[in-house]
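Engineer: Next input, structure requested:
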Amino acid sequence: DAVGGWRGLVESVAPGLVFVVIFTITRTTRPALIGALAVAAVAVLLRLVQRQRLEQALSGLLGVVIGVVWAATSGRSENFFAGGLLANVGYAVVTVISILVRWPLVGVVVELFRNRGMGWRNNPGVVRRYALGTWLLAGMFLARLAVQVPLYFAGNTVALGTAKLAMGVPLTVLTLWLVWLVVRSADVAVVPDQP
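Structural biologist: Below you'll find the model as predicted:
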């Protein structure tokens, strides 16, 4: 649901996939950029015609537009993926800092969804469990950077795009499942907020 179901998954993966396929075939940036932009725009138009919520399709289109602008203005096809790399840097920094200041991001998000406040922070065992879940997220972001940044600096657009696709939805789903396994029993020990 967070990514818009199956349709949201397709809309998030399709522009990058189209870019990689077209670039692999043509070895030129312009057709790949046009293809990715067209796919993202069609997703938005279809949602408009069907009178569905646009937030996710528009955010996907915005990400594609940023990638297209960066790649087109720099003349470097790998810059299509630069925004995703920068986002992973930001996510990694935020998750690690949240652990270091003892407000693990996974705990904050889970307990906000459960609408139970921040009383969980009074239980060291629960804080450790949420910290471990947050480390799993940080590890995912850092793994993406460890693989993709060298490909970016090598200018290997096809390998970078392929790695981004492989380490996108599949790795996210696996990581979120592992996080769930780690934190699912944390709710039995949560101390309610004090008035």
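Engineer: Just want the most central residue of the chain.
Structural biologist: Centroid-nearest residue in the chain: G168, 6.8 Å away (criterion: CA atoms, centre = their mean).
Engineer: Quickly note the distance from that one to G75.
Structural biologist: Note on G168: its distance to G75, by CB to CB, to the nearest Å, is 25 Å. Every residue, glycine included, has its C-beta placed from N, CA and C.
Engineer: what do you get for M118?
Structural biologist: M118 is 49 Å from G75, by CB to CB.
Engineer: Comparing those two, which shows the higher neighbour count?
Structural biologist: Shown here are M118 and G75; by other CB atoms under 10 Å, M118 has more neighbours (14 against 8).
Engineer: is it true that that one touches V108?
Structural biologist: Yes - here M118 lies in contact with V108, judged by CB atoms under 8 Å, at a distance of 7.5 Å.
Engineer: Show me which helix runs longest in this structure.
Structural biologist: Ranked by residue count, the top helix of the chain under DSSP state H comes out as helix 124-154.
Engineer: for the helix or strand following that one, which positions count as buried?
Structural biologist: Going down the chain from helix 124-154, the next helix or strand is helix 157-166, by DSSP states H and E. Of the residues in helix 157-166, T157, A159, L160, G161, T162, A163, K164 count as buried by neighbour count, 16 or more other CB atoms under 10 Å.
Engineer: tell me the contacts of the fifth one?
Structural biologist: Residues near T162 by CB atoms under 8 Å, 6 or more residues apart in numbering: V20.
Engineer: Report pLDDT for it.
Structural biologist: If you check T162, the pLDDT there is 94.
Engineer: Look up how far V69 lies from it.
Structural biologist: To V69, T162 is 23 Å away according to CB to CB.
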